[in-house]
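[1] Next one to model:
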Amino acid sequence: SRVENVADMVIGIDAEGSIQKLQAESGEAVAAGEWTLLHLTDMQYGLKNGFADVKTDAPERAVVQSVVANYMKESEASKYDMVFIGGDMQDAYMNNDKNPPVPKEKDEEAGAGSTLGEQQRNDLVTDLKKAGSKFANKWVMTGGNHDLGDVVDGANLKIYQDFWSKQPFKFDPDKVLAGSTFWYSAMKVQSQLVFSLTSQFYWTGGGVAAASNDDRAKYAKLQDEFIDDILAKNKDFNSIVILTHIPPFMADIDETHGWANWNLELRKNTLSKFIEQGKPITFVTGHFHGTVYSEHTFQSKSGATVPMQIIVTTAVGTTIHWGGNEDFTPATAAQVAEAPTGFEAFKTFIGNNFGLKDSSIEKAAFGVIKFNSGGFNKGASAWMSPKGQSTPIHTFTADKHV
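    Numbering: from 1, shown residues only. Now for the predicted structure:
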């Protein structure tokens, strides 16, 4: 049975907060079981000017370059145990018959025979490679809908894998568990069992074509079998961390499937696998281009109380002001997330003109997310400004609603 206990995020600046509270100083002892995740998601190079006549990813590049310069230089590497690149690296969709192609004349603007998406991917790789060399073997990456296409098919997956598998953004192979693949993986980090999953395999919005897509269904089944196998073979952990692009839901596990949550049946089936372990669960996600934080409590069949946190990190690029809002509770986020497709969400909550009032580079943020032996360490975690400011932009303080 399910115990409802949803905490709405109260977003504000913690005047007392500082980066020193979130990160261990270089050389400072870290308590046993503690580790820190750096979460960068939805860079989506090209979004800000995606509807302009002249395409440029300069605004998003400036944000990511600032994060790398301020937080990912050599001297910062000891503060982080993992860097999670959470999907939607590019704005341009895949060019194939399953997703709207970028107009050919816009493709040519990239030059040298490249598509716009290829240019955006290459620009991001150039910027991320400027991170300090000590960040090697700390990278975990997952694809988003802009990387894989809303409708997953083998052609999209091959384009994505051919490009990103050749890049130097890998995690320590000694910590990656057997059975892991390019599309889904599991790692043991301190006392946490950490999964990286492709959420696009659980997304069927946009009509029958997506729901019945053979490639999507095949990979969803393989990913679920992988989860079952890992959970069956690994019992020595205190909590579960799930890294993915689209959150499973925003406010309620029963909310309607839309562009920014998982298919309802697949959602319940997959989440039940984790809930039945009887351990705390933390989702680290993105996709929404706005910050959302919620807390939920479930019960396993054995009667164990299972707390779940869902962290939705905004874009480290162009944020989106859905309905004119810059801040969201889970309930207000769910209203946007339940739109059937991203196109419908834009039409309903943005309108026909995606301009300055609908988006912001200044609100860009990334996550410094800490864990300890008990799981997610909310009090020590925050969303930070790319500019190197010491005060968090948003903190994970919550107002309980039972």
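[2] Please make it C-alpha for all contacts and neighbour counts, starting now.
    Fine.
[3] list the contacts for residue 49?
    Going by C-alpha atoms under 8 Å, 6 or more residues apart in numbering, residue 49 touches 55, 56, 57.
[4] Can you convert the residues you listed into JSON lines and add a column each for distance to residue 335, neighbour count and pLDDT?
    Written out in JSON lines, the entries for those read as follows (distance: C-alpha to C-alpha, whole Å; neighbours: other C-alpha atoms under 10 Å; pLDDT from 0 to 100):
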{"residue": "55", "distance to residue 335": "31", "neighbour count": "17", "pLDDT": "77"}
{"residue": "56", "distance to residue 335": "31", "neighbour count": "20", "pLDDT": "88"}
{"residue": "57", "distance to residue 335": "29", "neighbour count": "22", "pLDDT": "91"}
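[5] now these as JSON lines including distance to residue 338?
    Formatted as JSON lines, the contacts of residue 49 follow (distance: C-alpha to C-alpha, whole Å):
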{"residue": "55", "distance to residue 338": "30"}
{"residue": "56", "distance to residue 338": "30"}
{"residue": "57", "distance to residue 338": "29"}
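[6] between those, which is closest to residue 367?
    residue 57 (21.9 Å; C-alpha to C-alpha).
[7] Okay, the residue lying closest to the closest one once chain neighbours are set aside and residue 88: tell me how far apart.
    Ranked by C-alpha to C-alpha, 6 or more residues apart in numbering and with sequence neighbours excluded, the top spatial neighbour of residue 57 is residue 46, at 4.0 Å. Note on residue 46: its distance to residue 88, by C-alpha to C-alpha, to the nearest Å, is 11 Å.
[8] Now do the SS call for residue 256.
    Under the three-state scheme (DSSP: H, G, I helix; E, B strand; the rest coil), residue 256 adopts coil.
[9] Do you know the pLDDT at the closest residue in space to residue 91 that isn't next to it in sequence?
    Once flanking residues are discounted, residue 91 sits nearest to residue 44: 4.7 Å by C-alpha to C-alpha, 6+ apart. The predicted structure scores residue 44 at 95 on the pLDDT scale.
[10] And residue 44, how close does it get to residue 318?
    Taking C-alpha to C-alpha as the criterion, residue 44 is separated from residue 318 by 8 Å.
[11] I'd guessed the residue nearest to residue 57 sits against residue 52; true?
    No. Counting by C-alpha atoms under 8 Å, residue 52 is not a contact partner of residue 46; they are 9.9 Å apart.
[12] more crowded one of those two?
    Residue environment comparison for residue 46 versus residue 52 gives the larger neighbour count to residue 46, 26 against 12, counting by other C-alpha atoms under 10 Å.
[13] Spit out the contact partners of that one.
    The contact partners of residue 46, taken as C-alpha under 8 Å, 6+ apart, are 55, 56, 57, 58, 59, 60, 90, 91, 92, 120.
[14] In those, which has the lowest confidence score?
    Least confident entry in the contacts of residue 46, by pLDDT: residue 55, with 77.
[15] In space, what's closest to that one - neighbours in sequence excluded?
    residue 49 (5.8 Å).
[16] Which secondary structure state does residue 307 sit in?
    On the basis of three-state DSSP, residue 307 is classed as strand.
[17] OK, contacts around it?
    In this structure, residue 307 makes contact with 279, 280, 281, 295, 296, 297, 298, judged by C-alpha under 8 Å, 6+ apart.
[18] Go through these and say which is closest to residue 324.
    Residue 324 lies nearest to residue 295 out of those, by C-alpha to C-alpha, at 24.8 Å.
[19] From what I see, the closest one and residue 312 are in contact.
    No. The pair residue 295 and residue 312 fails to qualify as a contact (C-alpha under 8 Å) at a distance of 11.7 Å.
[20] Tell me where the stretch 51-200 of the chain is predicted with low confidence.
    Counting by pLDDT under 70, the stretch 51-200 of the chain contains low-confidence residues at 94-114.
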